[in-house]
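Chemist: Could you work out the structure for the sequence below:
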Amino acid sequence: MLRTASRPRYLGLLVVALALVALGIIAGRWQWSVAHDVARAEAVREVQERPVRPVADVIAPHEGFPDDGSGQRISMRGRYAGEPLLVVDRRFEGQPVSWVLDRFVVEETGANMAVVRGYVPAGEDPPSSPGGTLEIVGSLAPPEAPDETGGIDDGELTSVDVAQLVNIWEGDIYNGFAFAVTEDGGAAAEDVERVPPPLPDTSLQFRNVMYAVQWWMFSAFAVWMWVKMVRQEARREQAGEPARELEEST
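Modeler: Just a heads-up that it's a prediction; the model follows:
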């Protein structure tokens, strides 16, 4: 079979097959990228089209996080209380940062909502919170995994661990947290860079995934056809049949 494969005709066919493989891989990767882009665009559009809802219409204190709550924008009226905390070991645009986490007491229920007001460069102290009554619009997010340190060290956490916060904040608490989008009213406070709310599920777009798979199957088919042709020719030679080149020339 190796001798058959090394003939000029089959070497030429191998070059064609490899060119088709390269084409299929490139086209498949492009379709895979499109699948990601389409899914992301749909997720962004979904978030933007969701109306802002009062927090009471979405979640209640100690209630389980709603299945469709991630990314839902909520409105709350209340005030910040206590000292802000830092959620360390985060990154933004490749740079190490810390999230500024504040306790927001919702006026309607008196319960605590953990609010990520923004971020500061790693190692910096958190800015003061605005005083007085505020109207906040935030993007809701489920609680994060338990804090790795098991406690608060000098006002620092490694995750937005609601189970940990309930031990240090008086009163009821919401089983989730919010990324602040806007803060209206209240007293002036130091500026803070907002943390872009994470997008909801951005699963791959099925149609483009199938296009990618088809291109990769096409690549595999090109190699399979070349191997099949070489094997068939090798078997003819072993059986003493005329070579295909001779058959085609007569």
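Chemist: quick one: strands adjacent to the longest strand along the chain?
Modeler: For the chain, the longest strand by residue count, based on DSSP state E, is strand 73-92. Note on strand 73-92: by DSSP bridges, its sheet partners are strand 53-54 (parallel), strand 95-106 (antiparallel), strand 134-141 (antiparallel), strand 156-157 (parallel).
Chemist: rank these by pLDDT, which is bottom?
Modeler: Note on the strands paired with strand 73-92: strand 156-157 shows the lowest mean pLDDT, a mean of 88.
Chemist: List the contacts of it.
Modeler: 85-88, 98, 101, 147, 149, 164 (Cβ atoms under 8 Å, 6 or more residues apart in numbering). No exception for glycine: its C-beta is placed from N, CA and C like everyone else's.
Chemist: Buried members of those residues into PyMOL, please.
Modeler: The buried subset of these, as determined by 16 or more other Cβ atoms under 10 Å, is captured in PyMOL by this line:
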select buried, resi 85+86+87+88+98+101+147+164
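Chemist: Same list (the contacts of strand 156-157) but as CSV, adding distance to L157.
Modeler: Listed next are these as CSV, based on distance: Cβ to Cβ, whole Å:
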residue, distance to L157
L85, 6
L86, 7
V87, 5
V88, 7
S98, 10
L101, 7
D147, 5
T149, 7
Q164, 7
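Chemist: Nearest to G176, out of the contacts of strand 156-157: which one, please.
Modeler: The shortest approach to G176 among those belongs to L101, at 13.0 Å (Cβ to Cβ).
Chemist: measure the closest residue to D191 other than its chain neighbours to L11 for me?
Modeler: Distances taken as Cβ to Cβ, 6 or more residues apart in numbering put P127 closest to D191, at 7.4 Å, once the chain neighbours are dropped. Distance of P127 to L11, computed by Cβ to Cβ, to the nearest Å: 69 Å.
Chemist: Those two: who's more crowded?
Modeler: Neighbour count, other Cβ atoms under 10 Å: between P127 and L11, P127 has more, with 15 against 10.
Chemist: Tell me if I'm right that the more buried one and E193 touch.
Modeler: No: taking contacts as Cβ atoms under 8 Å, P127 lies outside contact range of E193: 10.1 Å.
Chemist: tell me, what's touching these two both at once?
Modeler: V120.
Chemist: circling back: need the max-distance pair from the contacts of strand 156-157.
Modeler: Most distant of the contacts of strand 156-157, by Cβ to Cβ, are S98 and Q164, 16.4 Å apart.
Chemist: T182 - that's part of a strand, no?
Modeler: Yes: counting by DSSP: H, G, I helix; E, B strand; the rest coil, T182 is located in a strand.
Chemist: Mind listing the residues bridging to it?
Modeler: V137.
Chemist: count of residues packed around it?
Modeler: Look at T182: counted by other Cβ under 10 Å, it has 13 neighbours.
Chemist: Can you tell me the closest non-neighbouring residue to V106?
Modeler: Of all residues not flanking V106 in the chain, G78 sits nearest, at 4.6 Å (Cβ to Cβ, 6+ apart).
Chemist: my bad, G110
Modeler: G171 (6.1 Å).
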